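Q: Give me coordinates for this.
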Amino acid sequence: MLELAILGFLAEGPLPGHELRRRVSQLTGYTRPVSDGSLYPAINRLTGAGLIERHADPAAGAARYVLSLTAAGRADMLQRLRKPADHEITDFTRFYVVLAFLSHLPDVAEQHTVLRRRLEFLEEPASFFYDNERPLRAEQIADPYRRGMLLTARATSRAERTWLREALGEEPPVFDTGRTDSDPHAPAPPAS
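A: Now for the predicted structure:
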């Protein structure tokens with residue numbers, strides 16, 4: 001995802017390395033801080049592959065460089081956005097890196113294909129805790145901290161699914177219970 005972030009930010013215009021590092025760090029936040037030990041080897045790999053170019057920064061002298069995206073780098077970035085790996089769809093932070101640059105895809109249908117993959121993943125029953133193969137709901141967990149994890153994840157998932165449906169121009173599904181929320185972990189409302 002570091003490489004996609006580098007390509008994505010450079011697609012918006014040339015940047016010196018220190019500014020690129022700042023932007024990548026802000027995007028990934030505290031969950032995946034970027035160090036010089038990971039950023040600069042990634043820049044070197046992308047430069048070696050012909051995906052980005054390094055030029056002397058005329059404003060800062062020969063000791064500083066500006067990085068820019070090549071045509072091959074743009075094509076590579078677009079391919080990464082069109083076909084994210086499964087773990088880039090299922091991992092929250094990785095998906096957000098994809099989402100940050102998804103508007104670079106010129107075809108809305110391709111953007112929607114990626115969003116639908118994420119929505120399909122979020123609509124599958126899941127949990128942090130299981131009874132054999134059956135995912136446990138927050139209401140089935142006695143430990144208050146584990147229950148808190150599940151309740152927080154449920155709320156986050158619900159909000160993301162709502163946004164995804166809006167972005168896709170889709171209506172929320174309606175279930176037999178009358179719920180318009182498709183949270184697979186939410187208990188059905190009491191019978192009236």
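
Q: Show me the helices in this protein, by range?
A: Secondary structure of the chain (DSSP state H): helices at 2-11, 17-28, 36-48, 71-82, 86-90, 92-101, 108-122, 144-168.

Q: quick one: which of those helices is nearest Asn132?
A: Comparison of those against Asn132 by CB to CB identifies helix 144-168 as nearest, at 17.1 Å. (C-beta placed from N, C-alpha, C; glycine too.)

Q: Of the helices of the chain, flag the one that's most buried.
A: helix 2-11 (a mean of 22; mean count of other CB atoms under 10 Å).

Q: Please name every helix or strand in contact with that one.
A: Judged by 3 or more CB pairs under 8 Å, 6 or more residues apart in numbering; DSSP states H and E, helix 2-11 is in contact with helix 17-28, helix 36-48, strand 52-57, strand 61-69, helix 71-82, helix 92-101.

Q: how is the chain carved up into domains?
A: Following automatic domain parsing, one gets these domains for the chain: 2-77, 82-168.

Q: Start and end of the shortest one, how far apart?
A: Put plainly, it is domain 2-77. Domain 2-77 stretches 12 Å from its first residue to its last (CA to CA, to the nearest Å).

Q: and that domain, what's its mean pLDDT?
A: What domain 2-77 shows for mean pLDDT is 88.

Q: The last one too?
A: Averaging the model's pLDDT scores along domain 82-168 yields 94.

Q: For that domain, measure first residue to last.
A: End-to-end distance for domain 82-168: 16 Å, by CA to CA.

Q: chain center to that domain: distance?
A: 10 Å (CA atoms, centre = their mean, to the nearest Å).

Q: what comes into contact with stretch 16-24?
A: Contact with stretch 16-24 is made by 2, 5-6, 9-10, 15, 34, 36, 39-40, 43, 57, 60, 64-67, as judged by CB atoms under 8 Å, 6 or more residues apart in numbering.
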